[in-house]
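> Provided below for reference: sequence and predicted model.
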Amino acid sequence: CSPARTSVTPAEPTAEKVPPCRRAFLWYDAGMEVARRLGVLVLEWASLALGVFLAKYFGFLTYGDPVTLAVVAVVLGLFNSFLRPFLLAIFMIVSIPILILTLGLGAYLVLFVTNGAILALTDSLLKDLSVNSWAMATLTISITSWVISSSVGIDQLKPLRRANEAKANAQKAKDDAIDI
């Protein structure tokens, strides 16, 4: 069984054909992808929990018990997954003059403000969480999460790169048609 693509004639749809010997393992590939993504999610939550723990250790925020720590990590993780892209887009559009003046270095400021807004929203939702120093707590959690994610190879920009790669592959597949 060859992993190479089969050729597609113009009359057939442009979808890639799967060789019969690979079809039996598609469920395995899909299962491994789900397991990998769940592992990344758990690792990101653990890095957020460590960041919150360190922020408490340094006195930048306070929370009640370890259960509250887990809840804070889950809420931060959910906000980072679903709310952060929208906030980043809004803040980037609003801060275009700053980005131009700083030659793009202002993007770090935008990331910092976005992370701080998510932390402030989490603080307002959870009564057991109290942020004493907003800037230092945001910095501690952000740096801890970034260091852990980078050290284990989690690429925060992977969805964007995957979308660009899919566009390039689609264009290449269209250009590589073999006529028989």
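Structure received. Numbering: from 1, shown residues only.
> hmm, who's touching stretch 103-120?
76, 79-80, 83-84, 87-88, 91-92, 95, 98-99, 102, 131, 134-135, 137-139, 141-142 (CB atoms under 8 Å, 6 or more residues apart in numbering). For the C-beta atoms, the positions are set from N, CA and C on the backbone; glycine is no exception.
> one more time with 10 Å
Residues from elsewhere that reach stretch 103-120 (CB atoms under 10 Å, 6 or more residues apart in numbering): 52, 55, 61, 72, 75-76, 78-80, 83-92, 94-100, 102, 129, 131, 134-135, 137-139, 141-142, 145-146.
> Filter these down to just the ones in strands.
61, 131 (DSSP state E).
> are any of the contacts of stretch 103-120 buried, and which?
52, 55, 61, 72, 75-76, 79-80, 84, 87-88, 91-92, 95, 98-99, 129, 131, 137-139, 141-142, 145 (16 or more other CB atoms under 10 Å).
> E44 touches R84, doesn't it?
No - in this structure E44 lies outside contact range of R84 using CB atoms under 10 Å: 11.7 Å.
> Quick check: neighbours shared by those two?
Common neighbours of E44 and R84 (CB under 10 Å, 6+ apart) are L76.
> quick check: longest helix of the protein.
Counting by DSSP state H, the longest helix found in the chain is helix 26-57.
> so what does that one touch, helix or strand wise?
Packed against helix 26-57, as judged by 3 or more CB pairs under 10 Å, 6 or more residues apart in numbering; DSSP states H and E, are the following elements: strand 61-62, helix 66-82, helix 106-125, helix 134-151.
> Look up how far Y108 lies from W146.
11 Å (CB to CB, to the nearest Å).
> Likewise for F53?
24 Å.
> thinking again about what came up before, kindly calculate the angle that the longest helix of the chain makes with helix 134-151.
On the basis of axes from the mean of the first three to the mean of the last three CA atoms, to 10 degrees, helix 26-57 is oriented at 140 degrees to helix 134-151.
> Now find how far off-centre helix 26-57 is within its chain.
Centroid displacement of helix 26-57 relative to its chain, using CA atoms, centre = their mean, to the nearest Å, is 10 Å.
> what mean pLDDT would you report for that helix?
Averaged across helix 26-57, the pLDDT comes to 81.
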